[in-house]
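A.B. asks: need a 3D model of the sequence below.
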Amino acid sequence: MTRVEKTDLRREAGQRTRDGLQTAALELLAQRGQEGVTLREITDRAGANVAAVSYHFGSLKKLCDTAIEHALEQYLDDKILELDSLASTATLHEVATAFARPMVRALAAGGQDLAVMRTVARVGIEPPKGWERLDGKFDRSRRGVVRLLAPNLPGVDEQELIFRTRCAAGLLNWLALAPIGTELAALSAEQIERQLVPVVAGAFRGDAAVGR
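C.D. replies: From the prediction side, this is the model:
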């Protein structure tokens with residue numbers, strides 16, 4: 001085995017350890033919250049040693065922040081993928097459906113998926129230092145919505161559309177945390193979508209429907 005091959009194997013093993021620690025941390029955070037997780041529990045679940053946390057992340061707090069950030073990034077990627085799949089002629093209802101679908105999936109799945117989403121939403125109220133790395137994905141998500149909303153809402157300027165998009169995103173985060181989210185989680189994805197999408201569409205529409 002060459003030196004390059006050995007280096008590659010060590011790098012892959014290190015990445016597996018890092019990924020395993022993040023997964024274990026996120027699972028425990030979703031179950032117990034940030035105050036209920038210990039370093040030993042995470043390393044035991046991940047099959048790693050305590051030194052690996054210091055090596056890959058520096059501290060327990062940094063590991064937890066990174067795990068939650070990774071879950072948020074996956075959520076943003078899912079939302080961007082849904083929006084990018086729409087044609088420029090998409091209706092307001094279709095845009096609202098795509099925007100809400102990642103949250104709908106989490107609500108319908110319940111269990112670990114919903115617990116993770118709640119953790120992300122809770123921490124996102126006061127984002128930890130370092131989440132600025134995701135600013136580009138937040139911006140891409142908003143721009144994707146604005147691009148699709150503009151033809152549906154002529155006369156509404158870009159800044160207003162961005163504001164409405166942020167309000168709609170806040171609404172979805174609130175659902176993950178509020179008791180109504182638990183009620184929705186008892187329904188199927190189709191039932192959740194049927195109830196939730198008109199609300200999201202209404203947030204996008206703003207006062208455009210007044211007088212119609």
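A.B. asks: what does stretch 107-115 rub up against?
C.D. replies: Residues external to stretch 107-115 that are found in contact with it (C-beta atoms under 8 Å, 6 or more residues apart in numbering): 27, 30-31, 105-106, 117, 175-176, 181, 184-185, 187-189, 192. For glycine as for every other residue, the C-beta is placed from the backbone atoms N, C-alpha and C.
A.B. asks: OK, contacts around Arg40?
C.D. replies: With contacts defined as C-beta under 8 Å, 6+ apart, the neighbours of Arg40 are Val50.
A.B. asks: filter the contacts of stretch 107-115 to the buried ones?
C.D. replies: With burial judged by 16 or more other C-beta atoms under 10 Å, the buried subset of the contacts of stretch 107-115 is Glu27, Ala30, Arg105, Ala106, Met117, Leu175, Ala176, Gly181, Leu184, Ala185, Leu187, Ile192.
A.B. asks: returning to what we had before: from the contacts of stretch 107-115, which is closest to Tyr55?
C.D. replies: If you rank the contacts of stretch 107-115 by distance to Tyr55 using C-beta to C-beta, Glu27 comes first, at 20.9 Å.
A.B. asks: which element is that closest one on?
C.D. replies: Counting by DSSP states H and E, the element that carries Glu27 is helix 3-32.
A.B. asks: any idea how far the nearest residue in space to Ile68 that is not next to it in sequence is from Lys61?
C.D. replies: Counting by C-beta to C-beta, 6 or more residues apart in numbering, Val123 is the residue found nearest to Ile68 once chain neighbours are left out, at 5.1 Å. Spatial separation of Val123 from Lys61 under the definition C-beta to C-beta, to the nearest Å is 12 Å.
A.B. asks: of these two, which one has the most company?
C.D. replies: Taking Val123 and Lys61 together and counting by other C-beta atoms under 10 Å, Val123 has the greater number of neighbours (20 against 11).
A.B. asks: in which helix or strand would I find the residue nearest in space to the middle of the chain?
C.D. replies: Closest to where the C-alpha atoms of the chain average out (C-alpha atoms, centre = their mean) is Tyr75, at 2.9 Å. Of the helices and strands defined by DSSP H and E, Tyr75 is found in helix 60-84.
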